[in-house]
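>>> please work out how this folds:
(chains A and B)
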There are 2 protein chains.
Amino acid sequence: MITEPRGFAAAGTTAGIKPSGKPDMALVVNEGPKFAAAAVFTRNRVVAAPVKLSRSAIEDGQLRAVIFNSGNANACTGAVGEQNCEMTIKKVADTLGFNFLDVAACSTGLIGDQLPMDKVLAGVEKLIPALGAKGEEAAVAIMTTDTVHKQAIVCADGWSVAGMGKGVGMMAPSLATMLVCLTTDADVPSEMLDEALRKATATTFDCIDIDGSTSTNDTVILMASGASGKSPTQAELDAAVFAVCDDLAAQMQADAEGVTKRVTITVTGTTTDEMAHNAARTVARDNLFKCAMFGSDPNWGRTLAAVGMADADMDAENIAVYFNNQAVCLNSSGTPEARSVDLTGADIDVHIDLGTGGTGVAKVRTTDLSLQYVDFNSAYST
Amino acid sequence: MITEPRGFAAAGTTAGIKPSGKPDMALVVNEGPKFAAAAVFTRNRVVAAPVKLSRSAIEDGQLRAVIFNSGNANACTGAVGEQNCEMTIKKVADTLGFNFLDVAACSTGLIGDQLPMDKVLAGVEKLIPALGAKGEEAAVAIMTTDTVHKQAIVCADGWSVAGMGKGVGMMAPSLATMLVCLTTDADVPSEMLDEALRKATATTFDCIDIDGSTSTNDTVILMASGASGKSPTQAELDAAVFAVCDDLAAQMQADAEGVTKRVTITVTGTTTDEMAHNAARTVARDNLFKCAMFGSDPNWGRTLAAVGMADADMDAENIAVYFNNQAVCLNSSGTPEARSVDLTGADIDVHIDLGTGGTGVAKVRTTDLSLQYVDFNSAYST
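Have a look, this model is predicted:
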């Protein structure tokens, strides 16, 4: 779908990085006439080589292409890793006649191994002549343990925003990485893209918390070709970018490794949205709560104990908890029907009101902690 | 062992709170001649009724008895729960001729259910005539899912410090609770006890992190009878209290629910001890790291990615990781022998140097995240 907005071409290929022989490289090119772009990156201080180079590339608010690979994160690979990433970017830039700083790179996969550069450079050579309306090929080629590829599109009045993403499935021997590439044919400057992207990621990708781990490679890039000739307002752009990000975030939650329950935690009744977010995330990261969700157990006691550790204003004697809209705890004590709530379905809605009467509100998407998750993520990496 | 320091009596009994019919109430009495005491409690803002009442009891630095029950946490039980705790304390105080505020209470078990007061009050009536040199009975009666009872003692020059503890095994349908009772026959004021206890817990119980969850009931109480007539210095008291706490903490780590690996994480090379503690705890709470430990997988990539999210000064290009004293990552890149480290033993030592040259250091004890942990903690609570 990322090639549906006008002015974009893409391709995916099998370069041989993955032992499985599945597609593992993709290229997305903005054919213009404009090249405005924005990006957000992982908050981890240990960052992969492609994140370092992409941060430099986005500094001027312009991008013409993004080169992706899966199967190898090029993280914790030292100076050699950075040189390999530079070489890959240079190959793309030179072949397409772009400046080095107009090309970003994204990698996902095993941490700590060097990229097989012969395969990567040969992959670039295959990708460039294959460029076309191949958004789906690209979306497939960035998958790691994702079981489905993830795409979304929002069509506005004569312009559109599309996206592809991978994650938050866990990399077998390493970390989840979330990579997202968004395209739009709107004619907007990079400052507007940046504002729309930061607003959207704050309430979508930043509100997925599967296991509290943050990848060394997380990257979300938004490119605008201007090919529609339409210039939406900031509010219009914000709405469309949010809708695509929200759709992709829901797809990631649903496909998370080992997930048997999709759990959405909403917190209200505290002073600020930030406090509500902190409280929702604290519960989303609590292993005892997550195990209860796996067991379809309406365990409001664990929920209360978890939220009691949050950095949020609360009235500890006046907390309410609702599972699937049924009150299980009021005034910080259980309701008579608390243990009869049916949580056997795949979607569980948890609402926690912290009882201060404040207007802060936030929603975090998480999953259960399942036997499958542990089994998968304890597999030996060699 | 808590009755080995002179001036203490204890007893344990089966009151019938636990459906299993195992011992579930204990009483520890300080027979004097002095009654100085100190205590630390959970940092959770959702606190159980016994924590509220014990906080009031310890305010004057004096305690004569602590009444314990297992099988029911008396947490999130509202005004009725507080009245039940008051009634229990009053029964102990009245029968023994103590003031109400000279008795503390500790509960551990299921959150959200009211105590069966007929059984609890009958339990108190059985405990009081049974008081004697029965420290082990008391240690057994406070167990929940602990597989062994936990005791420790340090003998100094004519005085001693002893302790009993339970935890960090998970309560089947609810939270882990850590309860510890320490006794000493040293003749020291409550201010010295408080200082020794706070120093000791900061580097022992506060440095166990099994699953990031903090109970509503955690309590550590230290009582001094003065019966030895010996008055150690603050440093001597600190050393003895630390040694008993450290011993109990190691016993708790070893007995944690679902544990197959005991993992000790040491962080160095950052600016302050507090930063090192934050970094060690961040790794200890990372589910991907913990799954790798379960799989005996020397996954330094996950370790690096986890520590990169810590709130600690680090040189992100100069981090070193050692598993069982073998370097697996230097300068933030893997060593050639990284994947050959043998982690199949039950004890895994992880040392992370954050590379700044700073002198901050901290150690956190954790466990792996095992299939057994999830299986146990996803069991339905009803």
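>>> tell me who's in contact with whichever residue of the stretch 101-250 of chain A sits closest to chain B.
As assessed by CB to the nearest CB, chain B sits closest to residue A:111 within the stretch 101-250 of chain A, at 3.0 Å. C-beta here means a position set from N, CA and C on the backbone, and glycine is covered the same way. Contacts here follow CB atoms under 8 Å, 6 or more residues apart in numbering or on different chains; on that basis residue A:111 touches A:48, A:73, A:75, A:76, A:174, A:175, A:216, B:301, B:302, B:304, B:305.
>>> shouldn't the third one be in contact with residue A:219?
Translated: residue A:75. No. Contact criterion CB atoms under 8 Å: residue A:75 and residue A:219 do not qualify, at 11.9 Å.
>>> between the two, point out the one with more neighbours.
residue A:75 (33 against 28; other CB atoms under 10 Å in any protein chain shown).
>>> next up, the contacts around that one.
Counting by CB under 8 Å, 6+ apart, residue A:75 makes contact with A:46, A:47, A:48, A:49, A:81, A:107, A:111, A:112, A:216, A:217, B:301, B:305.
>>> one more time with 6 Å
Going by CB atoms under 6 Å, 6 or more residues apart in numbering or on different chains, residue A:75 touches A:48, A:111, A:216, A:217.
>>> could you find the closest non-adjacent residue to it?
The spatially closest residue to residue A:75, leaving aside those adjacent along the chain, is residue A:48, at 3.5 Å (CB to CB, 6 or more residues apart in numbering or on different chains).
>>> so the one you found touches residue A:73, yeah?
Yes. If you go by CB atoms under 6 Å, residue A:48 and residue A:73 touch, sitting 5.5 Å apart.
>>> what residues are shared contacts of those two?
Common neighbours of residue A:48 and residue A:73, using CB under 6 Å, 6+ apart, are residue A:217.
>>> what comes up buried for stretch A:70-79?
Using 16 or more other CB atoms under 10 Å in any protein chain shown as the test for burial, stretch A:70-79 gives A:70, A:71, A:72, A:73, A:74, A:75, A:76, A:77, A:78.
>>> correction: the previous question concerned stretch A:50-67.
A:50-54, A:57-58, A:62-67.
>>> up against chain B, what does the stretch 251-382 of chain A have?
Counting by CB under 6 Å from any CB of the partner chain, the positions of the stretch 251-382 of chain A adjacent to chain B are A:286-288, A:291, A:294-295, A:297, A:299, A:301, A:304-305, A:308-309, A:316, A:332-334, A:339, A:369, A:371, A:374, A:377-378, A:380-382.
>>> shaky segments in the stretch 251-382 of chain A?
By pLDDT under 70, the weakly predicted segments of the stretch 251-382 of chain A are A:380-382.
>>> show me where it has strands.
A:262-270, A:320-323, A:326-330, A:333-334, A:347-353, A:360-367 (DSSP state E, counting those that start in this stretch).
>>> identify whichever of the ones you listed lies nearest to residue A:103.
Residue A:103 lies closest to strand A:360-367 among the strands of the stretch 251-382 of chain A, at 32.2 Å (CB to CB).
>>> quick one, that closest one and strand A:262-270 angle?
Per axes from the mean of the first three to the mean of the last three CA atoms, to 10 degrees, the angle that strand A:360-367 makes with strand A:262-270 is 160 degrees.
>>> quick revisit: just among the contacts of residue A:75, which is most surrounded?
Going by other CB under 10 Å, residue A:48 tops those with 33 neighbours.
>>> what distance do you get for it to residue A:183?
For residue A:48, the distance to residue A:183 equals 23 Å [CB to CB, to the nearest Å].
>>> measure stretch A:11-31 end to end?
One end of stretch A:11-31 sits 14 Å from the other (CA to CA, to the nearest Å).
>>> the buried residues of stretch A:70-79 into CSV, with extra columns for secondary structure and pLDDT?
Output for those, formatted as CSV (DSSP: H, G, I helix; E, B strand; the rest coil; pLDDT from 0 to 100):
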residue, secondary structure, pLDDT
A:70, strand, 94
A:71, strand, 92
A:72, strand, 93
A:73, coil, 91
A:74, coil, 94
A:75, coil, 90
A:76, coil, 88
A:77, coil, 91
A:78, helix, 90
